[in-house]
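S.K.: Quick one, what's the 3D model for this:
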Amino acid sequence: MGEIDGRGIRVVVLVEGESDRNALHALAERRGLDLAAAGVAVEPVGGAQAMGRALERFGPGGAGLGVAALYDAGEEGAVARCLERAGLGAALGREDMERLGFFACDEDLEAELIRALGVRGVEQVVA
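M.R.: From the prediction side, this is the model:
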C-alpha cells in the first residue's frame, strides 16, 4: 500500500501497473500537482482483473476511501465486471463507468503520456 500508509489519503486512483503509476506521477509533477497533498494516491493493482480486489480493499466496504481508476480500453469488460461484483451497477457501459470515476484510455496510459507530453517532454521526465 506504499503511498496510502498513514498519509491522509482520501482518494485512491487505481491503475493497472507500475508504469501507469509512474506515468501519472510524471504528468502530475509536470503540471505542478502534489497528489499526496491533495489526498490522492495512485495504486497499481497488477492488471485490470485485479481491480475487484482493490475495490474491496480501498472502497466503501474496505478502507472507505474514494476510488477512481484509469485502465486500458481493451480491459473495459473486465473492469465493468469488477464494478458489478462490487455492487456498483449492472450492465455498465463506458459512460456509466466514467460517472463512477473509472476512465478508459483508448491508447494505453503510457502512450497517452507520450502523446500529452511529446517526445521531448517524456525525455525530460525520464531524465
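
S.K.: so what's V12 up against?
M.R.: Taking C-beta atoms under 8 Å, 6 or more residues apart in numbering as the definition of contact, the neighbours of V12 are 4, 40-43, 54, 58, 65-68. From N, CA and C alone the C-beta is placed, and that goes for glycine too.

S.K.: Report the buried members of those.
M.R.: For the contacts of V12, a burial check counting by 16 or more other C-beta atoms under 10 Å picks out 4, 40-43, 54, 58, 65, 67-68.

S.K.: Export only the CA atoms of the longest strand belonging to the chain, formatted as CSV.
M.R.: When every strand of the chain is counted residue by residue (DSSP state E), the longest turns out to be strand 66-72. Taking only C-alpha atoms (Å, rounded to 0.1, in the frame of the first residue of the first chain), the coordinates of strand 66-72 have been written out as CSV:
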residue,chain,number,x,y,z
GLY,A,66,-12.9,7.3,-2.7
VAL,A,67,-11.9,5.1,-5.6
ALA,A,68,-11.3,6.0,-9.2
ALA,A,69,-9.3,4.2,-12.0
LEU,A,70,-7.6,4.5,-15.3
TYR,A,71,-7.5,1.4,-17.4
ASP,A,72,-6.7,0.4,-21.0
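
S.K.: Could you point out the member of the buried ones among the contacts of V12 that lies closest to R85?
M.R.: A54 (12.0 Å; C-beta to C-beta).

S.K.: what does the helix or strand where that closest one lies contact?
M.R.: Under DSSP states H and E, the secondary-structure element containing A54 is helix 51-58. The list of residues contacting helix 51-58 from outside it, by C-beta under 8 Å, 6+ apart, reads 4, 12, 14, 43, 45, 62-63, 65, 67, 69, 71, 78-79, 81-83, 85-86, 88.
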